[in-house]
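Trainee: sharing a model that was predicted from the sequence below.
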Amino acid sequence: MWILACAIVLFVSFATSWLVIIMSKKYKLFIDSSRSSKPQRFHYRPTSRAGGLGIVLGIFTGFVLFGLVSSAWAYFLVASLVVFASGFLEDMGVLLSPRLRLIIQCFGALLACIMIEHAWLRDLGLGFEFGYAFGVAFGVFAIVGVCNAMNIIDGFNGLSGGVAACVCISIMVVAKQVDMIPIFWACVVLLCAVVGFLLLNFPQGKIFLGDGGAYLVGFFLAIMLVLLTQKPSSIVSPWYGFCVMIYPVWEVLFSILRRKIFTKTDAMQPDSKHFHTLLFKKLGNNPLSSFIIVCVNAPFVILATFFYANTIALIATCAVFVISYTIAYYRLAR
């Protein structure tokens, strides 16, 4: 029965994305023009950026099919829609300032942290715990950070979807190990929705997640990781969440540091100096660049999965990634 449910979620995501592609071509909706002056654009034909519609419909379908309809999951879905809207409005051509999008995302994250049990950051695995107010505030900051981390790697064929799929599988493995079955099934739903999207996104890049889809996937993964690590009885290290998401999270942190310290530019303004864009400039191949990054990131996800309860090993894994990324980045930038 669950196999049929998975197939339905995948089909809903795929069919919605395919319909979005057709409607975009016919009515010029959700189009990211190939003539756009966006510095982060690296495709050469007008492309739909509303893949998030397939993801969100797949998620809602899956939650119904898998029986994830309790009040806590209802709050999660409402908060997800708020975060999705912060980007989808931009995908529809409604101009929102980066700060306004952040405010909307913070509201969605705050709703989740307050209304869902154990959805705030109580413990960072450093030997002390936060109070409720500070833990909620820090939780909102971390969740919104992950949303934007996923968005920063969208736009390349298979990159955001590939990373999200790897993280989903990791969370499923860990959730099963520690008997957090609702989180396991929630990530099964997201994985099926992401695969449905990837069938059209990789390798040809017929559609992208867009801001709405990227924010939604990031929010979904962030909440699952918070729930997995912050329940008082959980043996999963809080560093597991950081380690399994190390590539997109470090990409956004490194970008902020690079812009603020080295180039003295606005940390919220997009540019074409991310790791994936530098690799693309070297290789001249969008799907290949994504494939290489996903494959190089996969061992770190596997290590995070294997050492999910070992904080020292997880910190060491993060440190190795940060050092390796930084060395590779500056070699590409030369």
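Mentor: Here it is on my side, so go on.
Trainee: kindly format the C-alpha coordinates of the host helix or strand of residue 316 as CSV.
Mentor: If you go by DSSP states H and E, residue 316 is part of helix 311-333. The C-alpha trace of helix 311-333 is given here as CSV (Å, rounded to 0.1, in the frame of the first residue of the first chain):
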residue,chain,number,x,y,z
THR,A,311,29.0,14.8,18.2
ILE,A,312,32.8,14.8,18.0
ALA,A,313,32.8,12.8,14.7
LEU,A,314,30.2,15.1,13.3
ILE,A,315,32.1,18.2,14.2
ALA,A,316,35.3,16.7,12.6
THR,A,317,33.3,15.9,9.5
CYS,A,318,32.1,19.5,9.2
ALA,A,319,35.6,20.8,9.7
VAL,A,320,37.0,18.6,7.0
PHE,A,321,34.2,19.8,4.6
VAL,A,322,34.8,23.5,5.4
ILE,A,323,38.5,23.2,4.9
SER,A,324,38.1,21.2,1.6
TYR,A,325,35.4,23.6,0.3
THR,A,326,37.5,26.6,1.0
ILE,A,327,40.6,25.3,-0.6
ALA,A,328,38.7,24.1,-3.7
TYR,A,329,36.8,27.4,-3.9
TYR,A,330,40.0,29.5,-4.1
ARG,A,331,41.5,27.2,-6.6
LEU,A,332,38.5,27.6,-8.8
ALA,A,333,38.4,31.4,-8.3
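Trainee: for this protein, give me the ranges with low pLDDT.
Mentor: 30-45, 261-271 (pLDDT under 70).
Trainee: and the residue nearest the centre of it?
Mentor: By C-alpha atoms, centre = their mean, the chain has its centre lying nearest to residue 218, at 2.9 Å.
Trainee: and that one, that's in a helix?
Mentor: Yes: counting by DSSP: H, G, I helix; E, B strand; the rest coil, residue 218 is found in a helix.
Trainee: give the contact list for it.
Mentor: Listed by C-beta atoms under 8 Å, 6 or more residues apart in numbering, the contact set of residue 218 reads 146, 147, 148, 149, 150, 151, 248. From N, CA and C alone the C-beta is placed, and that goes for glycine too.
Trainee: out of those residues, which are inside helices?
Mentor: 146, 147, 148, 149, 150, 151, 248 (DSSP state H).
Trainee: any chance of those residues in CSV, plus neighbour count?
Mentor: Listed next are the ones in helices among the contacts of residue 218 as CSV, based on neighbours: other C-beta atoms under 10 Å:
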residue, neighbour count
146, 26
147, 31
148, 24
149, 25
150, 30
151, 25
248, 26
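Trainee: dump the residues you listed into a markdown table; add distance to residue 119 as well.
Mentor: Below are the ones in helices among the contacts of residue 218 laid out as a markdown table (distance: C-beta to C-beta, whole Å):
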| residue | distance to residue 119 |
| --- | --- |
| 146 | 13 |
| 147 | 15 |
| 148 | 19 |
| 149 | 18 |
| 150 | 18 |
| 151 | 21 |
| 248 | 20 |
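Trainee: go through stretch 114-131 and flag the buried ones.
Mentor: Going by neighbour count (16 or more other C-beta atoms under 10 Å), the buried part of stretch 114-131 is 116, 118, 119, 120, 121, 122, 123, 124, 125, 130.
Trainee: for those, work out which two are farthest apart.
Mentor: Comparing all pairs in those by C-beta to C-beta, the longest separation belongs to 116 and 125, at 20.7 Å.
Trainee: distance of residue 231 from residue 243?
Mentor: 18 Å (C-beta to C-beta, to the nearest Å).
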